[in-house]
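>>> fold the stuff below for me.
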Amino acid sequence: MKIYHKSTCITCKKTISGIERVNADIEKRDFFKDPFSETEFKKIVKMTGKKPSELLRKRDKMYKELDLENSKKTDIQIIKLMVKYPGLILRPIIITKNKAFVGKVDLKNLK
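This next block holds a predicted model:
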């Protein structure tokens, strides 16, 4: 299991400690210190089964600055912005087998 997170994010910390409590073997990566490549992030988005716009963190200041609420951007444009500004990415991202879960996750669903 892999978990992509921000080390200062409270939701990320809670999720990681919850996973560690059930002794799951996890590989952690802070994607603010070790950013995603565009190709890598596209694969993750595909694994979620969601559109890139559904993975946007609306509370991030860049979301407002870039006026993403009202702009008509393509999926590729959104992915490029998310890679450039990782604060726009909902977190944490948990990868199990070939599925990705994003944001607040019910740990019972990860089996």
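
>>> residue boundaries of the helices in this protein?
Here the chain has its helices, by DSSP state H, at 10-21, 38-48, 61-65, 75-84.

>>> and Leu107, which of those is closest to it?
helix 10-21 (4.9 Å; Cβ to Cβ). Any C-beta I mention is one placed from the backbone N, CA and C, and that applies to glycine too.

>>> dump the helices of the chain into CSV; add distance to Phe32 and mean neighbour count as well.
Supplementary listing: these in CSV, determined by distance: least, Cβ to Cβ, whole Å; neighbours: other Cβ atoms under 10 Å:
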stretch, distance to Phe32, mean neighbour count
helix 10-21, 10, 15
helix 38-48, 13, 16
helix 61-65, 13, 13
helix 75-84, 12, 17
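
>>> nearest to Gly103, out of these?
Where these are weighed against each other on Cβ to Cβ, the nearest is helix 10-21, at 7.5 Å.

>>> surely Met35 meets Pro86?
For the record, residue 35 is Pro, not Met. Yes. When contacts are counted by Cβ atoms under 8 Å, Pro35 is listed as touching Pro86 (6.0 Å).

>>> between those two, who's got more neighbours?
Higher neighbour count among Pro35 and Pro86: Pro86, with 20 against 13, using other Cβ atoms under 10 Å.

>>> and Arg57, what does it touch?
Tyr63, Gly87, Leu88, Ile89, Leu90, Arg91 (Cβ atoms under 8 Å, 6 or more residues apart in numbering).

>>> distance of the closest residue to the third one other than its chain neighbours relative to Asn70?
I take that to be Leu88. By the measure of Cβ to Cβ, 6 or more residues apart in numbering, the closest residue to Leu88 outside its immediate chain neighbours is Met82, 4.8 Å from it. With distances taken as Cβ to Cβ, to the nearest Å, Met82 is found 18 Å from Asn70.
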